[in-house]
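1. turn this into a model:
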Amino acid sequence: MLKVNVICIGRLKEKYLTDACAEYIKRLSAFCSLHVYELPEAKASSTPSASDIEKVLCEEGKAIISKIPERSAVISMCIEGQKMSSEQLSRHISSLGVSGFGSVTFIIGGSWGLSDEVKARSDLRLSMSDMTFPHQLARVMLLEQIYRAFMIASGGKYHK
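-> Model (predicted):
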């Protein structure tokens, strides 16, 4: 069974989002061993300078990298990343399982994104869309797409 990690900066604040994540985590238990790691957001002033933002990214990046398991494929969610269909993501995740990786780790950065160090550690930079979504919604969307990917790979009827 493939191990899937989701490393996130920040906690979900809304009950409907935590409930949605819990539902997909429950569904995913049939397909993988899933661990979600919530790391704290680094503190910045209410009007941060570019150097303040860089410090935040660096601090969060170090915390993220410390949680990535050895021999894990790393997929970072990045606005500038590659776009994939659900079918392409399913094939990609399936190929990781037979390519010698012990796990796959998805990373969702904080509101300022991800550090260059985290992006460099990534095997794939993945974008959800050209559209802008609330940061807190990203985790629900990612978990749903991981679930969809496993359903596609198993021939399930969830994906039409």
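
2. what sits up against the helix or strand bottoming out on mean pLDDT in the chain?
-> Taking mean pLDDT, DSSP states H and E as the measure, the chain has helix 86-97 as its least confident helix or strand, at a mean of 92. Identification of contacts with helix 86-97 by C-beta atoms under 8 Å, 6 or more residues apart in numbering yields 2, 73, 84, 104, 124, 126, 145-146, 148-150, 152-153, 159. From N, CA and C alone the C-beta is placed, and that goes for glycine too.

3. ok, 6 Å please
-> With contacts defined as C-beta atoms under 6 Å, 6 or more residues apart in numbering, helix 86-97 is touched by L2, A73, V104, R148, A149, I152, A153.

4. same thing with stretch 17-29?
-> Everything outside stretch 17-29 that qualifies as a contact, by C-beta under 6 Å, 6+ apart, is L12, L34, Q136, R139, V140, L143, E144, Y147.

5. tell me which of those has the lowest pLDDT.
-> Model confidence across the contacts of stretch 17-29 bottoms out at Q136, which has 85.

6. how close does that one get to R11?
-> Note on Q136: its distance to R11, by C-beta to C-beta, to the nearest Å, is 9 Å.

7. same thing with R139?
-> 10 Å.

8. quick one: which of the two has more around it?
-> Here R139 and R11 are compared on neighbour count by other C-beta atoms under 10 Å; more neighbours surround R139, at 23 against 11.

9. which parts of the helix or strand where the more buried one lies are buried?
-> Take DSSP states H and E as the rule and R139 turns out to sit in helix 137-154. Within helix 137-154, the residues that count as buried by 16 or more other C-beta atoms under 10 Å are 138-153.

10. and stretch 46-65, average pLDDT?
-> 94.

11. got the angle for the least confident helix or strand of the chain vs helix 137-154?
-> Counting by axes from the mean of the first three to the mean of the last three C-alpha atoms, to 10 degrees, helix 86-97 lies at 80 degrees to helix 137-154.

12. what about dumping the CA coordinates of helix 86-97 to CSV?
-> Taking C-alpha atoms only, helix 86-97 is exported to CSV below (Å, rounded to 0.1, in the frame of the first residue of the first chain):
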residue,chain,number,x,y,z
SER,A,86,-7.2,13.9,-13.1
GLU,A,87,-6.3,11.0,-15.3
GLN,A,88,-2.8,12.2,-15.7
LEU,A,89,-2.4,12.7,-11.9
SER,A,90,-3.7,9.2,-11.4
ARG,A,91,-1.2,7.7,-13.8
HIS,A,92,1.6,9.8,-12.2
ILE,A,93,0.7,8.5,-8.7
SER,A,94,0.4,5.0,-9.9
SER,A,95,3.8,5.2,-11.6
LEU,A,96,5.5,6.3,-8.4
GLY,A,97,4.4,3.2,-6.6
